[in-house]
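quick one, fold the following:
(one chain, ligands or ions: 1)
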Amino acid sequence: MKVKIDYDRCMGDGHCSEVCPEVFDYDDVQTEVHVTSDEVPKELEDKVRKAFEECDTEAIIIEK
Ligand code: SF4
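Next up, the predicted model:
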């Protein structure tokens, strides 16, 4: 699984980083989220899916 952020949609609330801090790193100075790993580790895929479902602006893009 690979994951990206659509910065045109992201409102920078950092919620994904609360759900899965291992993959979504929140920069509270820039109020911006960065994806930390190119390929999501298998054991974190469920947490990434949860973040995807809970992102209000649908800014998280999951690629298989
Ligand atoms: S949950 Fe969605 S809108 Fe919020 S910071 Fe993450 S990607 Fe951006």
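
buried sites along the longest helix seen in the chain?
Of all the segments of type helix in the chain, defined by DSSP state H, the longest one is helix 45-54. Neighbour-count burial for helix 45-54, counted by 16 or more other Cβ atoms under 10 Å, picks out 47-49, 51-52. Any C-beta I mention is one placed from the backbone N, CA and C, and that applies to glycine too.

contact partners of it?
1, 3, 15-16, 19-20, 22-24, 40, 60, 62 (Cβ atoms under 8 Å, 6 or more residues apart in numbering).

redo those residues as CSV? Include distance to R9.
As requested, the contacts of helix 45-54 are exported to CSV (distance: Cβ to Cβ, whole Å):
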residue, distance to R9
M1, 19
V3, 14
H15, 13
C16, 12
V19, 17
C20, 18
E22, 22
V23, 18
F24, 14
V40, 20
I60, 9
I62, 14
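
which of those residues ranks first by neighbour count?
Using other Cβ atoms under 10 Å as the neighbour test, those are led by C16, with 26 neighbours.

next one: that residue from the ligand, what distance?
From C16 across to the ligand, the span is 3 Å (Cβ to the nearest ligand atom, to the nearest Å).

next SSE after the longest helix of the chain?
strand 60-63 (DSSP states H and E).

can you list the residues of this protein near the ligand?
Residues of the chain lying close to the ligand by Cβ under 6 Å from any ligand atom are 5, 10-16, 33, 55, 57, 59-60.

now pLDDT too, for those, in JSON lines please.
Shown next, in JSON lines, are the residues of the chain next to the ligand (pLDDT from 0 to 100):
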{"residue": "I5", "pLDDT": "97"}
{"residue": "C10", "pLDDT": "96"}
{"residue": "M11", "pLDDT": "95"}
{"residue": "G12", "pLDDT": "95"}
{"residue": "D13", "pLDDT": "95"}
{"residue": "G14", "pLDDT": "95"}
{"residue": "H15", "pLDDT": "97"}
{"residue": "C16", "pLDDT": "98"}
{"residue": "V33", "pLDDT": "96"}
{"residue": "C55", "pLDDT": "98"}
{"residue": "T57", "pLDDT": "98"}
{"residue": "A59", "pLDDT": "98"}
{"residue": "I60", "pLDDT": "98"}
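
what's the ChimeraX line that selects buried ones from the residues you listed?
Buried residues within the residues of the chain next to the ligand, by 16+ other Cβ under 10 Å, are selected in ChimeraX with:
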select :5,10,12,14,15,16,33,55,59,60
